[in-house]
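One predicted model, sequence on top.
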Amino acid sequence: MTQKVKDWERYFVPPDLKAAKKRGKQDVEVLQFGEIPEDMRRIGEGKYYLIRTYGCQMNVHDSETIAGILEMMGYRPTESEEQASVILLNTCAIRENAEDKVFGEIGRLKPLKMENPDLVLGMCGCMSQEEGVVNRILRQHPYVDLIFGTHNIHRLPFLLKESLFSKEMVVEVWSKEGDIVENLPKVREDGLKAWVNIMYGCDKFCTYCIVPYTRGKERSRRPEDVLAEIRELARKGYQEVTLLGQNVNAYGKDFKDRHYTFAHLMDDVRKIGIPRVRFTTSHPRDFDDHLIEVLAKGGNLVEHIHLPVQSGSSEILKMMARKYTREQYLELVRKIKAAIPNVSLTTDIIVGFPGETDEQFEETLSLVREVEFDSAFTFIYSPREGTPAAKMKDDVPMEVKKERLMRLNQLQDEISRRKNEALRGQVVEVLVEGESKKDPNVLSGRTRTNKLVNFTGPKHLIGRFAHVRIDEPKTHTLKGVWVEEAYSQVGM
Ligand code: SAH
Ligand code: SF4
Ligand code: F3S
């Protein structure tokens, strides 16, 4: 093992519930991303980078920051692995199959690295925050050049330099609770829709989830920084922003100098001239009446709420430490529907949590029937090392879990289909993103409720809002035709 690796061991604290729960003693610092040091500013000139991103929107947005930093160092983007001088895998640790994909990819890239020793092959993101993963890379994939975590992205110029000038693997993963770094450069994916972090980390500690360990404690960006970023995006012509946090309803709870919540933030964002504002993800536990009241004002606050329920059984919810019951969730849904009648609700559900009985699973099905989500992300429970649920007795066979997932998906598909069918003949407002992936003669975009619409219409609509009549609703998408402005009426 190298000196660097020993250094890393000093910094590293493996996922440990007890240690992680002793949070809050350390004050969060707001740091400013400074200039790239002189000797690294041109290090990437004439060279290319490629970032592969796995996982949630948080990671997608982190990749935009990483791209921003690399471009400040002179690197340019490429899609070609052969052309790239830097390849970074921005990884996700949420389920085992997410990790398997990354290990497969690292193995696949080995010959390329062997042929091209100057290539910097790096791993970052949530997997880097796991001790077991880092050890496995050290043992099985020593040709990886660089590993950094989710808390030290801003250190990339230094880490890359170290990696370029040393023959050893550079590993820097911070297990500290996390600071906030402002002023980070970003290369956004497109000029239409933008991600905006409002907070980092998670303090919920759902018993199955790795995120509180990989992303550190909850810390909110100051509202003035968030609002300034959104105003700037509006000025640049962006049409949509999505506010990001693992649990956006906890926004502001960590402020010591003011009382300012997520509802206050949404009420302020509402006044900015950006046509659509989304947010993800909401935790049902912290979803208060004030927020419902603000969202009901509509305008640029769209009628879509992603509200992960995870299970329809209060017993399972308790074991998951979700801190709400089935009844409380249903009551919240009732209040939201009453205040925002045309709301679209989507959710996340886990089946096969340790010890989940048939009856408890049936309760999930009945909740899904009752709420009628527009769509759902459904998962088979995957044990994550270091989390409390991984130690729970699990006597549910994998075949049973798969069967449950299939039944749940069937039910949700029926509901999605029925909900989409209700839109037949209606005219909806679509933000047109581009040509459809499958057919360049077809345009595609999303409704306010985040439904994907494919439609026929002229190309000049790309980047604008269009009214589209839905004539062929499907289970997961809608098909329609463009309705010229003069004849259109706003649907949803
Ligand atoms: N912060 C968000 C999203 C977290 S990750 C939230 O609280 O809703 C996205 C989804 O992955 C979760 O909602 C959950 O449904 C799923 N998930 C998380 N950990 C999982 C695990 N160990 N096994 C299976 N699914 C998991
Ligand atoms: Fe994970 Fe729960 Fe936090 Fe979501 S709220 S990130 S599921 S611990
Ligand atoms: Fe995955 Fe990390 Fe997001 S574990 S889901 S990339 S916060």
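That came through fine. Ligands and ions are numbered 1, 2, ... in the order given.

Need the three-state assignment for Lys217.
Going by DSSP: H, G, I helix; E, B strand; the rest coil, the secondary structure assigned to Lys217 is coil.

Touching, it and Met199? I think so.
No. Using C-beta atoms under 8 Å as the test, Lys217 is too far from Met199 to be in contact (10.3 Å). Every residue, glycine included, has its C-beta placed from N, CA and C.

Show me which of those two is the more surrounded one.
Legend: neighbour count by other C-beta atoms under 10 Å for Lys217 and Met199, higher for Met199 (24 against 19).

ok, now which ones touch the more buried one?
Glu218, Arg219, Ser220, Arg221, Gly245, Gln246, Asn247, Val248, Ala250, Tyr251 (C-beta atoms under 8 Å, 6 or more residues apart in numbering).

Is it possible to mark the buried ones in these?
Glu218, Arg219, Ser220, Arg221, Gly245, Gln246, Asn247, Val248, Ala250, Tyr251 (16 or more other C-beta atoms under 10 Å).

JSON lines please, covering those residues and showing pLDDT and secondary structure.
Below are these laid out as JSON lines (pLDDT from 0 to 100; DSSP: H, G, I helix; E, B strand; the rest coil):
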{"residue": "Glu218", "pLDDT": "93", "secondary structure": "coil"}
{"residue": "Arg219", "pLDDT": "94", "secondary structure": "strand"}
{"residue": "Ser220", "pLDDT": "96", "secondary structure": "strand"}
{"residue": "Arg221", "pLDDT": "96", "secondary structure": "coil"}
{"residue": "Gly245", "pLDDT": "97", "secondary structure": "coil"}
{"residue": "Gln246", "pLDDT": "94", "secondary structure": "coil"}
{"residue": "Asn247", "pLDDT": "94", "secondary structure": "coil"}
{"residue": "Val248", "pLDDT": "97", "secondary structure": "helix"}
{"residue": "Ala250", "pLDDT": "96", "secondary structure": "helix"}
{"residue": "Tyr251", "pLDDT": "97", "secondary structure": "coil"}
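
which of those lies closest to Arg448?
Val248 (18.3 Å; C-beta to C-beta).

What sits closest to the closest one if chain neighbours are left out?
Leaving aside its chain neighbours, Val248 sits nearest to Phe279 (5.1 Å; criterion: C-beta to C-beta, 6 or more residues apart in numbering).

ok but the one you found is inside a strand, no?
Yes. Assessed with three-state DSSP, Phe279 lies in a strand.

how's the protein carved up into domains?
The record's domain parsing of the chain by automatic domain parsing lists 2-172, 184-421, 427-489.

Of those domains, which shows the lowest average pLDDT?
Among the domains of the chain, domain 2-172 carries the lowest mean pLDDT, a mean of 88.

Say whether ligand 3 is contacted by that one.
Yes. Using C-beta under 6 Å from any ligand atom, domain 2-172 comes into contact with ligand 3 via Gly55, Cys56, Met58, Asn59, Cys92, Ala93, Ile94, Gly125, Cys126.

could you point out which element follows the lengthiest helix in the chain?
Longest helix in the chain by number of residues (criterion: DSSP state H): helix 398-421. Note on helix 398-421: by DSSP states H and E, the next helix or strand toward the C-terminus is strand 427-435.

could I get that next one in CSV with only the CA atoms?
The C-alpha coordinates for strand 427-435 follow below in CSV (Å, rounded to 0.1, in the frame of the first residue of the first chain):
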residue,chain,number,x,y,z
VAL,A,427,-54.7,20.2,-25.0
VAL,A,428,-51.6,20.3,-22.8
GLU,A,429,-48.8,22.7,-22.4
VAL,A,430,-45.5,21.1,-23.4
LEU,A,431,-42.0,22.5,-22.9
VAL,A,432,-40.4,21.2,-26.1
GLU,A,433,-36.9,19.8,-25.4
GLY,A,434,-35.9,18.4,-28.8
GLU,A,435,-36.4,15.6,-31.3
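
Can you list the strands that that strand pairs with?
strand 443-446 (antiparallel), strand 465-473 (antiparallel) (DSSP bridges).

any idea how far Gly122 is from Thr53?
Gly122 sits 13 Å away from Thr53, taking C-beta to C-beta, to the nearest Å as the criterion.

burial measure for the nearest residue to Arg222 once chain neighbours are set aside, as a count.
Closest residue to Arg222 apart from its sequence neighbours, by C-beta to C-beta, 6+ apart: Val30 at 7.0 Å. The number of residues packed around Val30, counting by other C-beta under 10 Å, is 12.

again, but for Glu414
Neighbourhood size, Glu414 [other C-beta under 10 Å]: 13.

List the contacts of it.
By C-beta under 8 Å, 6+ apart, the contact list for Glu414 is empty.

For Glu421, see how far away it is.
Applying C-beta to C-beta, the value for Glu414 to Glu421 is 10 Å.

now do Thr150
According to C-beta to C-beta, Thr150 and Glu421 sit 42 Å apart.

Can you pick out the residue with more neighbours from these two?
Neighbours were counted for Thr150 and for Glu421 using other C-beta under 10 Å; Thr150 has more, 25 against 13.

Okay, and that one sits in which element?
Here Thr150 is assigned to no helix or strand, by DSSP H and E.

mind listing what's buried in stretch 131-142?
For stretch 131-142, by 16+ other C-beta under 10 Å, it's Glu131, Val133, Val134, Ile137, Leu138, His141.

actually stretch 164-177, not the one I wrote
Leu164, Met169, Val170, Val171, Glu172, Val173, Trp174, Ser175, Glu177.
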